[in-house]
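**Student:** Sharing a model that was predicted from the sequence below.
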Amino acid sequence: AKEPVRVLVTGAAGQIGYALVPMIARGIMLGPDQPVILHMLDIPPAAEALNGVKMELVDAAFPLLKGVVATTDAVEACTGVSVAVMVGGFPRKEGMERKDVMSKNVSIYKAQASALEKYAAPNCKVLVVANPANTNALILKEFAPSIPEKNITCLTRLDHNRALGQISERLNVQVSEVKNVIIWGNHSSTQYPDVTHATIKTPEGEKPVPALVNDDAWLKGEFITTVQQRGAAIIKARKLSSALSAASSACDHIRDWVLGTAEGTWVSMGVYSDGSYNVPAGLIYSFPVTCSGGEWKIVQGLSIDEFSRGKLDATAAELAEEKALAYSCLS
Ligand code: NAI
């Protein structure tokens, strides 16, 4: 039998946490033959709710779940974890300045970076979900210099999956037949959902999405804005964030990273830019990646047309501005 893997979820008493921990305990993140020990971190005001989640995990009697640590102590939470899913953060409240929200999250991610760096297992894989996800991941990277930068990522898989879903609905095909959309850039409304290279599996082989949709105005307009604004649309409908789909996509992100992507298929991940596609190095930016042997690699050599170039640059500019704001909160 495999040794259990310790998986950290921060903000575990929140909306996404509540959807995510049972998925992990059922093997959706690491596979149906991989036992897990869940480490759940939240802050003292949520300690009682966190304990309630722990009680439910016991009650659900998940065969793969070999232990639960529920704590408000970051050191205890981070000790020995091989996967860290960072969902905890400070939400923007009405009337708050952007800089104030950034400042709160910078201090949270700086502190948690240090705890992970000191106490997590070597080669721990980190996924930041909490917003501003890219910039929180960048701060985490800066303050955990001994964690390899390739191990620190942020979630744009939800946006990727939303793009797959929109194309599937539009073409009336199964979502499993759609592949190779791309989310470029920031997990924000400047992200660029790109279907230039996406395909549909048909009985006659793979066909390009742009030709099948055959409506450039929709692809360059409503499709993009629908994906960009889907999070807000869910909040409007549910009065709560898109917790189910965020949790499911976080599992997809880690599963593909650890177990590999299918041959000929790429996914989107926010990763530390190496300057590929002329995206400035030193930002956490969403790229198309393939994964194998527990490592991601940016897909190279895709053609970028003029329309796409403008979109890639605009979301990079926003990330550079967020980075500057985050750094101004440090001093
Ligand atoms: P929520 O407010 O229900 O839960 C957040 C939890 O984090 C709360 O339990 C809170 O007590 C906890 N928390 C706050 N500070 C903490 C700290 N320093 N350490 C540990 N825990 C802490 O929020 P929800 O709906 O679960 O969303 C979580 C985050 O995920 C938000 O920032 C949201 O914007 C983001 N999000 C990101 C998505 C993505 O695709 N990247 C998609 C949807 C949401």
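**Tutor:** That came in fine, so what should we check first?

**Student:** For the residue of the chain found nearest the ligand, which non-adjacent residue is closest in space?
**Tutor:** Relative to the ligand, the nearest point of the chain is G14 (1.9 Å; CB to the nearest ligand atom). For the C-beta atoms, the positions are set from N, CA and C on the backbone; glycine is no exception. Take G14 and drop its neighbours on the chain: the residue closest to it by CB to CB, 6 or more residues apart in numbering is V87, 6.4 Å away.

**Student:** how about the top strand by length along the chain: buried residues?
**Tutor:** Longest strand in the chain by number of residues, with DSSP state E as the criterion: strand 284-292. For strand 284-292, burial by neighbour count (16 or more other CB atoms under 10 Å) applies to I284, Y285, S286, F287, P288, V289, T290, C291.

**Student:** Next, format those residues as CSV and append pLDDT and distance to the ligand.
**Tutor:** Formatted as CSV, those follow (pLDDT from 0 to 100; distance: CB to the nearest ligand atom, whole Å):
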residue, pLDDT, distance to the ligand
I284, 98, 12
Y285, 98, 14
S286, 98, 10
F287, 99, 15
P288, 99, 17
V289, 99, 16
T290, 98, 21
C291, 98, 18
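
**Student:** Point out where the chain drops to low pLDDT.
**Tutor:** Scanning the chain for pLDDT under 70 picks out nothing.

**Student:** mind listing the helices for it?
**Tutor:** 15-25, 47-60, 74-78, 98-119, 133-142, 157-171, 209-213, 216-220, 222-228, 230-238, 243-259, 306-330 (DSSP state H).

**Student:** for the fourth one, packing partners?
**Tutor:** Here helix 98-119 touches helix 74-78, strand 83-86, helix 133-142, helix 306-330, going by 3 or more CB pairs under 8 Å, 6 or more residues apart in numbering; DSSP states H and E.

**Student:** That helix vs helix 306-330, what angle?
**Tutor:** 80 degrees (axes from the mean of the first three to the mean of the last three CA atoms, to 10 degrees).

**Student:** ok, A320 - contacts?
**Tutor:** For A320, the contacting residues are P280, L283, by CB atoms under 8 Å, 6 or more residues apart in numbering.

**Student:** so who does the closest residue to K2 other than its chain neighbours touch?
**Tutor:** In space, K2 comes closest to Q34 once its chain neighbours are excluded; the distance is 5.7 Å by CB to CB, 6+ apart. By CB under 8 Å, 6+ apart, Q34 lies in contact with K2, V5, G27, L64.

**Student:** List, one by one, the residues from this protein near the ligand.
**Tutor:** If contacts are counted using CB under 6 Å from any ligand atom, the residues of the chain sitting beside the ligand are 10-11, 13-17, 41-43, 46, 87-91, 108, 129-131, 133, 155, 158, 187, 231, 241-243, 246.
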